[in-house]
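A.B. asks: Based on what follows, work out the 3D shape:
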Amino acid sequence: MGPMKRKTVYTVLLLCCVVGFWVFDNFYTPDTYSDPSNAGLQTAIPGDFMPSSTTGDIVYHSHFALSYNESYEQAEWVAYSLKREHLTEDRRKRPYFVEDPKVRTKSADWRNYKGSGYDRGHLCPAGDRKFSEQAYNETFYTSNISPQDRAFNAGIWNRLEIQVRSWARRYGEVFVVAGGVLEEGLEEIGEEDVDVPRYYYKILARRESGSPKILAFLLPGEESKRPLAAFAVSVDEIEKRTGIDFFGQLPDGQEEELESRADTAGWKF
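C.D. replies: Here you go, the predicted structure:
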């Protein structure tokens, strides 16, 4: 083979390698955390507490559900049930963040966060899912994270997560739905333009004597030393900001009554 022909072959091989690596990096979605054989090992979410979806892209994992919003490259909500028996101190090896294989439009790559100055903030906390390896690892799908200021993520957002665990321990079970307020004009990071919410919400529900008790929080995405109760708002306010209907399956009269007020009574801080 002559020098010119060898050069052409090497050039073609190099080009194939470059294209192959690009395809792998941009289109390969590792499915390392979901286990279809564990179909019976799931945490059910009460149907009457499930939020609506503005996108129709609802994904169910074994131990949480989410509604993905491709326009903002993150979930508009993540929902799960936290039970007393979930609160274990099992030590788990922290896995890699990977794209969610169940999001049909492909969830944002973790590299969007690299060098951005923002944390990859969990919406369903890994600390709430230590009771099994799969449950823990599922929280590291990139569909379950949102850009958060580091002080906020380690500060008041973390304190709220700890408080929710305290309520689950006290009351036996708490339903949780959390997300960023996705709106126009947000800062964007990474090649995929992942939006940085200015506000985050968390809505809690539990049953007491057959009727629900609901508590909602709306927090600016920055650290604050104010007490958590100072950030309690009505569910109606969060619905107006997000366009999401959070308890649409409840009877209309009950839904209107529960969602219209910010009531911390019955929740021990």
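A.B. asks: how much space between Phe269 and Gly56?
C.D. replies: 37 Å (C-beta to C-beta, to the nearest Å). Bear in mind the C-beta positions are built from the backbone N, C-alpha and C, glycine included.
A.B. asks: same thing with Asp236?
C.D. replies: From Asp236 over to Gly56 (counting by C-beta to C-beta), the distance is 23 Å.
A.B. asks: Look at the two and report which has more neighbours.
C.D. replies: More crowded of Asp236 and Gly56, by other C-beta atoms under 10 Å: Asp236, with 16 against 9.
A.B. asks: May I have the residues that are in contact with Ser107?
C.D. replies: Tyr68, Glu73, Gln74, Glu99, Asp100, Tyr141, Thr142, Ser143 (C-beta atoms under 8 Å, 6 or more residues apart in numbering).
A.B. asks: try it again with 7 Å
C.D. replies: Tyr68, Glu99, Asp100, Tyr141, Thr142, Ser143 (C-beta atoms under 7 Å, 6 or more residues apart in numbering).
A.B. asks: Looking at those residues, spot the one nearest Phe152.
C.D. replies: Nearest to Phe152 out of the contacts of Ser107 is Thr142 (C-beta to C-beta; 19.1 Å).
A.B. asks: Backbone dihedrals for the closest one, please?
C.D. replies: phi -70, psi -10 (degrees, to the nearest 10).
A.B. asks: Give me the buried subset of the contacts of Ser107.
C.D. replies: Among those, those scoring as buried are Tyr68, Glu99, Asp100, Tyr141, Thr142, Ser143 (criterion: 16 or more other C-beta atoms under 10 Å).
A.B. asks: doesn't the last one fall inside a strand?
C.D. replies: No - the assignment for Ser143 (DSSP: H, G, I helix; E, B strand; the rest coil) gives helix, which keeps it out of a strand.
A.B. asks: Which member of the buried ones among the contacts of Ser107 is positioned nearest Gly190?
C.D. replies: Looking across the buried ones among the contacts of Ser107 and measuring by C-beta to C-beta, the closest to Gly190 is Thr142, at 10.9 Å.
A.B. asks: Assess the claim that the closest one and Trp110 are in contact.
C.D. replies: Yes - the criterion here is C-beta atoms under 7 Å, and Thr142 meets it with Trp110 at 5.5 Å.
A.B. asks: if we can go back for a sec, got JSON lines for the buried ones among the contacts of Ser107, with pLDDT and distance to Leu186 too?
C.D. replies: As requested, the buried ones among the contacts of Ser107 are exported to JSON lines (pLDDT from 0 to 100; distance: C-beta to C-beta, whole Å):
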{"residue": "Tyr68", "pLDDT": "98", "distance to Leu186": "16"}
{"residue": "Glu99", "pLDDT": "95", "distance to Leu186": "21"}
{"residue": "Asp100", "pLDDT": "95", "distance to Leu186": "21"}
{"residue": "Tyr141", "pLDDT": "97", "distance to Leu186": "22"}
{"residue": "Thr142", "pLDDT": "97", "distance to Leu186": "18"}
{"residue": "Ser143", "pLDDT": "98", "distance to Leu186": "18"}
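A.B. asks: coming back round to it: what's the most distant pair in the contacts of Ser107?
C.D. replies: Top of the distance list for those (C-beta to C-beta): Tyr68 and Glu99, 11.2 Å.
A.B. asks: Could you tell me the per-residue confidence at Gly40?
C.D. replies: Note for Gly40: predicted pLDDT of 43.
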